[in-house]
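1. Quick one, fold the following:
(one chain, ligands or ions: 1)
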Amino acid sequence: MIKLALNDQINEEVINSYKDDVVRINKMINEKSGPGNDYLGWADWPINYDKEEVERIKRDAQYVRDHFNILVVCGIGGSYLGARAALEALNGLKSDDKLEVIFMGQTFSPNYVAQVLEYLKGKKFAINVISKSGTTTETSISFRLLKELLEKQIGKEASKKAIYATTDKARGALKTLCNQEGYATYVLPDDIGGRYSVLTAVGLFPLAAAGIDIDAMLEGAKEAREAYNSTDLNKNICYRYAVMRDYMLRHGKPVEMYVTYEPQMSQISEWLKQLFGESEGKEKKGLFPASATFSTDLHSLGQFIQDGTPVLFETIINVLEPRYDVKIPHDDEDLDGLNYLEGKDLAFVNQKAFEGTLKAHVEDGHVPCNVIYLDKLDAKSLGHLFYFFMRACAMSAYLLDINPFNQPGVEIYKKNMFHLLGKKGY
Ligand code: PA5
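-> Alright, predicted model coming up:
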């Protein structure tokens, strides 16, 4: 389903030198025996997921589609990025789906929050609040505001059929609130952390509500789980990719730049940045994950990538068949000089931009470039891709001797902020 072309700075001999580590770590992942082992639930999730919950998600999602015009998804970090990434990648930036999906809870920005609330006034909207801990401040504040507006518009009773929560099965303030108010809830399993949760209800409910085929997405992930469990480094592209990342970090390339040629995939890069940044960036180790959307960013970052400090390598996700295409028309006067492209599709032009840029970066810029090729982007291939990266991330972090599933550094800003806000106990 996906193909990987690794950069030419790593060869088969180097890749195979990782064999023992890969065998050891793959066993750790499968047997759930490494650091953070109580957060490895995502590894077998494509076969272990709660089938009944998925059916309930589909029914509730259909109810939302039938009764509301807007779904506001309220969450941050792993409780937000996957759904947004999948939604934009599959439905596009100008979705014509009948249900509009809006994101809130990912910022304290008064401008953003005020504008979203204003936009929702008088409209038929439902809320999907997502928080594993149930206490994340950005999400909690937004949810309080959304709930207040909803109850003001349709009343407290009717609001109960318009609020859907995804949270821990037993703990946390959000779970307590849901129990008290009787909201529908879905579970974020104990053994799956936020950034590995896109294939749970965290991603599945908003995606199903947006009309996306979540069964196909889980099917793609299941295929990936089977494909990437092998320790044969000649075949397993997921572990080849992880090994390459480790080699790059140890050979003077501390920055990995994720590149797409589709603006609607820029949130996939955001998801990747969180997955790898929060999983690996510990103990003064890890690659810095960056991103760019070409050709747009060739007119900004392109100069640096080609010619600047040689710190980075690229991982390009190239989708070969776009869902839509546009032909370049003939113009009698040809004042813009574009008739040489007359009748050509934009997909053709985009691919030539990819080929020309790859050559420029590799041959002239000496930037190591990996390419992940996807024939097309649909729910199934995206499920596959999500799993590919999660498994590669676990392997990468373990190669650095790091626990991929905690995020101790994130707590420090929160403590300072709570102290400054006057929260009790800080
Ligand atoms: O990946 C993670 O664990 C984090 O990004 C969390 O998802 C994020 O902090 C939100 O946490 P919660 O779901 O508890 O609100």
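
2. Near the ligand, which residues of the stretch 101-250 of the chain? Just list them.
-> Contacts of the stretch 101-250 of the chain with the ligand, taken as C-beta under 6 Å from any ligand atom, map to 131-133, 136, 139, 193-195. Backbone N, C-alpha and C define where each C-beta goes, glycine included.

3. any chance of those in CSV, plus neighbour count, secondary structure and pLDDT?
-> As requested, those are exported to CSV (neighbours: other C-beta atoms under 10 Å; DSSP: H, G, I helix; E, B strand; the rest coil; pLDDT from 0 to 100):
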residue, neighbour count, secondary structure, pLDDT
S131, 29, strand, 97
K132, 26, coil, 94
S133, 17, coil, 92
T136, 24, coil, 95
T139, 24, helix, 97
G193, 24, coil, 96
G194, 28, helix, 97
R195, 25, helix, 97
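
4. and of those residues, the nearest to the ligand?
-> G194 (2.1 Å; C-beta to the nearest ligand atom).

5. If you drop the residues flanking it in sequence, what lies closest to that closest one?
-> Closest residue to G194 apart from its sequence neighbours, by C-beta to C-beta, 6 or more residues apart in numbering: G78 at 2.4 Å.

6. And T139, by the same measure?
-> In space, T139 is closest to G105, 4.0 Å off (C-beta to C-beta, 6+ apart).

7. what's stretch 307-321 in contact with?
-> Contacting residues not belonging to stretch 307-321 are listed as 7, 241, 248, 252-262, 265, 268, 290, 305, 347, 351, 354, 358, 361, 365-377, 385 [C-beta atoms under 8 Å, 6 or more residues apart in numbering].

8. and those, which of them are in strands?
-> Residues of these located in strands (DSSP state E): 255-260, 290, 369-376.

9. out of the residues you listed, which are buried?
-> 255-260, 290, 369-372, 374 (16 or more other C-beta atoms under 10 Å).

10. Quick check: the farthest pair among the residues you listed?
-> Largest separation among those by C-beta to C-beta: V255 and L374, giving 23.4 Å.

11. could you point out the longest strand in this structure?
-> As assigned by DSSP E, the longest strand anywhere in the chain is strand 312-321.

12. what is the orientation angle of that one with strand 369-376?
-> Orientation note: strand 312-321 sits at an angle of 20 degrees relative to strand 369-376 (axes from the mean of the first three to the mean of the last three C-alpha atoms, to 10 degrees).

13. Count the neighbours of the residue nearest to T139 for me.
-> 28 (other C-beta atoms under 10 Å).

14. Ok, L99 next?
-> 20.

15. And it, how far from A216?
-> Distance from L99 to A216, counting by C-beta to C-beta, to the nearest Å: 18 Å.

16. now D44
-> For D44, the distance to A216 - C-beta to C-beta - is 19 Å.

17. the helices in the stretch 1-150 of the chain, which residues?
-> 12-17, 19-31, 41-48, 51-67, 81-91, 110-120, 137-154 (DSSP state H, counting those that start in this stretch).

18. Ends of stretch 363-381, what's the gap?
-> By C-alpha to C-alpha, to the nearest Å, the extent of stretch 363-381 from end to end equals 31 Å.

19. can you give me the mean pLDDT across stretch 318-327?
-> Averaging pLDDT along stretch 318-327 yields 95.
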